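S.K.: Next comes the sequence, and after it the predicted model I'd like to discuss.
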Amino acid sequence: MASQLKVDTLTGVTTAGSIVVTGEGNSTTTNLQQGLCKQWIKFSSANHSTADSFNTTSITDNGTADTTITIANDMASANYSIGALATDYHVHEKDYNGTDATATLYRLYTFLVSSTNGSTTANEEDRVYAHIFGDLA
């Protein structure tokens, strides 16, 4: 018979912020906190409105197809993974003032790639999706 566990808080015994989950096949383990998405957002780079988000303070319009996303609860460092996509265009992380993303923010640039010569053109997009994984501060 299946059982059901209902709790409000999970806390590790050895380390409060660390819970290990046994993977499929019982041969590997995964740290639960490491595998959780730490920030995500769905927004429009056309009008810089947010449809929904988690752990996001704000978005900033830096110009055509160039958006800064500010993280509410900072990351431990700038060494986190950013994933982003747009419905009709490509998205990539853009250097912030000549440097990579910081623990508090990252920049995204939406663009169209020419099928003729591979050149890129900045394009606003109504649906941009982004998320980050890594360690919170």
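M.R.: That came through fine.
S.K.: and G118, how many neighbours?
M.R.: 7 (other CB atoms under 10 Å). Backbone N, C-alpha and C define where each C-beta goes, glycine included.
S.K.: pLDDT score for it?
M.R.: Looking at G118, its pLDDT stands at 79.
S.K.: same thing with the one 5 residues further on?
M.R.: We have a pLDDT of 88 for N123.
S.K.: what number of residues lie near it?
M.R.: 18.
S.K.: so it sits right up against F111, yeah?
M.R.: Yes. N123 is within contact range of F111, at 5.9 Å (criterion: CB atoms under 8 Å).
S.K.: Pull up the overlap in contacts between the two.
M.R.: Overlap of the contact sets of N123 and F111 (by CB atoms under 8 Å, 6 or more residues apart in numbering) consists of 65, 89.
S.K.: Spatially nearest residue to S58, not counting backbone neighbours?
M.R.: T70 (4.9 Å; CB to CB, 6 or more residues apart in numbering).
S.K.: what about that neighbour, how many neighbours?
M.R.: Neighbours around T70, by other CB under 10 Å: 15.
S.K.: what's the answer for D126, then?
M.R.: Residues near D126, counting by other CB under 10 Å: 14.
S.K.: Next: T15.
M.R.: 11.
S.K.: Kindly report the same for A84.
M.R.: Quick note: A84 (other CB under 10 Å) scores 20 neighbours.
S.K.: do the same with I69
M.R.: With other CB under 10 Å as criterion, I69 counts 26.
S.K.: Wasn't it part of a strand?
M.R.: Yes. I69 forms part of a strand when assessed by DSSP: H, G, I helix; E, B strand; the rest coil.
S.K.: Quickly list what it is bridged to.
M.R.: I59, Y106 (DSSP bridges).
S.K.: before we move on, the earlier item: let me see the contact set for the residue nearest to S58.
M.R.: So T70 contacts 56-60, 104-105 (CB under 8 Å, 6+ apart).
S.K.: Select from those the one having the most neighbours.
M.R.: Neighbour max across the contacts of T70 (other CB under 10 Å) = I59, 22 neighbours.
S.K.: thought that one was touching F43?
M.R.: Yes. With contacts counted by CB under 8 Å, I59 reaches F43, the gap being 5.6 Å.
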